[in-house]
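Colleague: Quick one, structure for this:
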Amino acid sequence: MKKQIILWMLVFVLVGGLGVSGVDAYHGMKHGKGHCGGIEDRLFDKAHFYTKYQDELGLETGQIDIIRTLKYSTKKDLVRYKAQIDTLNNEIDFKMSDDVLDLDTISRLIDQKYELEKAREKSLLQSYSQMKSMLSEEQNQKAKKLLRSKGKMMSHSVELTPAKK
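Modeller: All right, here's what the predicted structure looks like:
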């Protein structure tokens, strides 16, 4: 009886440990996006950093308003793009379930889906460029120093070089 209890406790601990390590791995990879979260993560990380340290950076009220507006308008656009892409995915799945596949229609839907994904990334890039170029050179230098002093200089999360126009 004792052996059976010990065995079940061991199984419980092992299974529980596997679940926890899987959760940690999932969160460590930015929700399935690999090491680099992409433009979207960079944009929102930068917006968060600028608003969190607005006093230290000497941001003006107008700059803060631009950051907030840019952040929320970008979020709204992302929701719209996601809805359109999901709708196209559903249409593609529906067409794929037909007995006879209409390749022209499915190909057209796939093209539309990737055009939307391309437009989404370009929209993110435009917003990211606006975010990067809004700080003055002095504010940019303060941000770099602040990042180093806080120990948050990561490989990509907040990159503070001005965008070229």
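Colleague: Please identify which helix or strand holds the residue positioned nearest the centre of the chain.
Modeller: In the chain, the centroid-proximal residue (C-alpha atoms, centre = their mean) is residue 41; its distance is 3.5 Å. Assigned by DSSP states H and E, residue 41 belongs to helix 39-52.
Colleague: in that helix, what counts as buried?
Modeller: 39, 40, 41, 42, 43, 44, 45, 46, 47, 49, 50 (16 or more other C-beta atoms under 10 Å). Where you see a C-beta, it was placed from the backbone N, CA and C, and this is true even at glycine.
Colleague: Also stretch 75-91?
Modeller: Buried residues in stretch 75-91, counted by 16+ other C-beta under 10 Å: 78, 81, 84, 85, 88.
Colleague: again with stretch 108-123
Modeller: 109, 112, 113, 116, 120, 123.
Colleague: As PDB, could you dump the C-alpha coordinates of that stretch?
Modeller: What follows is stretch 108-123, C-alpha atoms only, in PDB (Å, rounded to 0.1, in the frame of the first residue of the first chain):
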ATOM      1  CA  ARG A 108      -7.700  33.700 -55.100                       C
ATOM      2  CA  LEU A 109      -8.700  33.500 -51.400                       C
ATOM      3  CA  ILE A 110      -5.200  32.500 -50.400                       C
ATOM      4  CA  ASP A 111      -3.800  35.500 -52.400                       C
ATOM      5  CA  GLN A 112      -6.200  37.800 -50.600                       C
ATOM      6  CA  LYS A 113      -5.200  36.400 -47.200                       C
ATOM      7  CA  TYR A 114      -1.500  37.000 -47.900                       C
ATOM      8  CA  GLU A 115      -2.200  40.400 -49.300                       C
ATOM      9  CA  LEU A 116      -3.900  41.300 -46.000                       C
ATOM     10  CA  GLU A 117      -1.000  39.800 -44.000                       C
ATOM     11  CA  LYS A 118       1.400  41.900 -46.000                       C
ATOM     12  CA  ALA A 119      -0.700  45.000 -45.500                       C
ATOM     13  CA  ARG A 120      -0.800  44.300 -41.800                       C
ATOM     14  CA  GLU A 121       3.000  44.100 -41.500                       C
ATOM     15  CA  LYS A 122       3.500  47.200 -43.600                       C
ATOM     16  CA  SER A 123       1.000  49.100 -41.300                       C
END
